[in-house]
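**Student:** I would like to see how this sequence folds:
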Amino acid sequence: MGKTTGGRPPRRPTRYGFAGPGGGKVSWVEAPTEYRGTSVQVCGLWPYGTGAATPTIGAPLGRHRYTNATVCFDPISWYERARLINNPSVWIQSEPAMGKSTAVRRMLLSLVAQGVTPLILGDLKPDYAELVAALGGRVVRVGPGLHRLNPLDVGPWRQVLARVTDTQEAERLRAEVVDRRLNAAAVLLTLMRGGPLESGELTVVSAALRYLADRETDTQPLLSDVLAVIEDAPAEVRWVTLWYADADLPRYREETENLRRALRALIHGPLGTMVEGQTTAPIDLDTTALCVDISNISETNHQLTAAALVTTWAAGFGQVEAAHRLSDLGLASPRTFFLVLDEMWRALRVGHGMVDRIDALTRLNRSKGTGTAFITHSLADLEALPDPEDRAKARGFADRCAVMMIGACSDQELDAVSRVRQLSQAERREVLSWAAPPSWSAGADGEEVLIGRGNFLIKVGNRPGIPLHLEPTEIEKQLGNTDARWQRT
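**Tutor:** Okay, the predicted model is just below:
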């Protein structure tokens, strides 16, 4: 503290030292760079050691932008190992080409080393296929002329049934198999029709699926089998309607006409190649990592994209829950999964049940042993849905995520973010500075320069954000290069 001199107030130092001649206003020493080390390594530097300000648990994402300390984070490690968050989920958003997918690939690499199985169920660009292949994982390419997934294929659930000896448990599992098939069929029919099924139609489809399940062989049922059962009108299916008597058969056919028409359009229409037929490449979780690549589908074909996502998610989520059920029954070892939903705005905008599926996932990821990463460009994507109910559900996605990773954003976007996570003025200025445009001469050396690329602010509740910079290695750049076509040109 300064001393009182001649009745004048004491001089107080500023952040640069004392003002005045010879003071810090003219010349000041920049704060030294901080480094992180173990207590054994830095003990000889006393008294210059201090406690670290960022957790050291999780994937090493990058360096703190001001202290150079290593910043570690992934939602599973912070939830399962450190208990720093209340559910294993992260919401990642920024302007395009700012490193969102690169950050997730870094998490994926670390989690694979920890025994976690990453799942990319619907890689739309693709951003992850090369990395998964390099890790020795499984890449399934789905689309016209490629592989197909039968939406009624429950895969490992039949293995679960075969290993269950308790009668009541077996009955419950059979009911769950029917429910899973019903959910997939209902979403696809809603997609084909452009509107939801009526309650009576849903009941008929459910009865047809139960009829097929009771007579199931080693071959999984198809959508065409469901249509054939409804058209054949056995007593077990007609019984759930008001027209169950033999004399009422003409009325039954009249009441199910729209449903049968929708099934025919689904099977024989533009989506038929995607949804009708047995699975040609089963989704198998007995691998290092799994990527279902649907990038072969045109971005403008929203209906086909939706059908691919529905069947992929149904198969993938079914595999995950079957693995957990086997573990619960003591028939397999416990497993943890990391689910990546990249380009989430495309999945949301196809509508027709997608919001409900994501909504269920955000609510149950903790109990299902599955960490999740939701990646999008803007919170405004949640407001672009045509249905008011879907918009209301979608608003809760980011809010329920335990962590937000915010990259370069506009001022208007940060206003929306502030309604989900409180941001200080310093944090807003930091993120806005990353969105500043580069100079017109940038890229003259062949390398695109974006000021905020790789910069993120990690926000957990109302805690101060952690600003970090992620610099990918050369191998990471090669395995996640979305500009490969331009470079080949």
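**Student:** What pairs with the helix or strand hosting Leu119, parallel or antiparallel?
**Tutor:** Per DSSP states H and E: Leu119 is located in strand 117-123. In the sheet containing strand 117-123, its partner strands are strand 290-293 (parallel), strand 337-341 (parallel), by DSSP bridges.
**Student:** Need those strands in TSV (columns: mean pLDDT).
**Tutor:** What follows is the strands paired with strand 117-123, written out as TSV (pLDDT from 0 to 100):
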stretch	mean pLDDT
strand 290-293	94
strand 337-341	91
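**Student:** so after the strand holding Leu119, what's the next helix or strand?
**Tutor:** Elements were assigned by DSSP H and E; along the chain past strand 117-123, the next helix or strand is helix 129-134.
**Student:** So what's the gap between that next one and the chain middle?
**Tutor:** Relative to its parent chain, helix 129-134 has a centroid offset of 18 Å by C-alpha atoms, centre = their mean, to the nearest Å.
**Student:** Direction included, what does whichever helix or strand comes after that helix pair up with?
**Tutor:** Sequence order places strand 138-141 as the next helix or strand after helix 129-134, per DSSP H and E. If you go by DSSP bridges, strand 138-141 pairs up with strand 290-293 (parallel).
**Student:** C-terminal to the partner strand, what's the next element?
**Tutor:** Beyond strand 290-293 on the C-terminal side, the first helix or strand identified by DSSP H and E is helix 302-328.
**Student:** returning to that earlier point: most neighbours per residue, which of the strands paired with strand 117-123?
**Tutor:** Most buried of these, by mean neighbour count (mean count of other C-beta atoms under 10 Å): strand 290-293, with a mean of 26. All C-beta atoms are positioned from the backbone trio N, CA, C, and that covers glycine.
**Student:** still on that earlier bit, of all the strands paired with strand 117-123, which lies closest to Gly58?
**Tutor:** strand 337-341 (11.9 Å; C-beta to C-beta).
**Student:** Doesn't Arg63 lie inside a strand?
**Tutor:** Yes: the assignment for Arg63 (DSSP: H, G, I helix; E, B strand; the rest coil) places it in a strand.
**Student:** Could you pull up the residues touching it?
**Tutor:** Ala69, Thr70, Val71, Leu468, His469, Glu471 (C-beta atoms under 8 Å, 6 or more residues apart in numbering).
**Student:** change it to 6 Å
**Tutor:** Arg63 sits next to His469 when contact means C-beta atoms under 6 Å, 6 or more residues apart in numbering.
**Student:** That one pairs with what?
**Tutor:** Assessed by DSSP bridges, Arg63 has beta-bridge partners Thr70, His469.
**Student:** where does it land on pLDDT?
**Tutor:** Looking at Arg63, its pLDDT reads 92.
**Student:** hmm, back to that, can I get the strand holding Leu119 as CSV, trimmed to CA atoms?
**Tutor:** Once non-C-alpha atoms are left out, strand 117-123 reads as follows in CSV (Å, rounded to 0.1, in the frame of the first residue of the first chain):
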residue,chain,number,x,y,z
THR,A,117,-17.7,-47.2,-27.3
PRO,A,118,-18.5,-44.1,-29.5
LEU,A,119,-21.6,-44.3,-31.6
ILE,A,120,-22.2,-42.0,-34.6
LEU,A,121,-25.7,-43.1,-35.7
GLY,A,122,-26.2,-41.1,-38.9
ASP,A,123,-23.0,-39.4,-40.0
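**Student:** And the contacts of it?
**Tutor:** Strand 117-123 is contacted from outside by 108, 128-129, 289-294, 309, 312-313, 316, 337-340, using C-beta under 6 Å, 6+ apart.
**Student:** That strand vs helix 302-328, what angle?
**Tutor:** Angle of strand 117-123 versus helix 302-328, following axes from the mean of the first three to the mean of the last three C-alpha atoms, to 10 degrees, is 160 degrees.
**Student:** At the geometric centre of this protein, which residue sits there?
**Tutor:** Leu341 (2.4 Å; C-alpha atoms, centre = their mean).
**Student:** Would you enumerate the residues in contact with the nearest residue to it once chain neighbours are set aside?
**Tutor:** Excluding its sequence neighbours, the residue lying closest to Leu341 (C-beta to C-beta, 6 or more residues apart in numbering) is Phe374, at 5.2 Å. Phe374 makes contacts with Trp91, Leu341, Met344, as judged by C-beta under 6 Å, 6+ apart.
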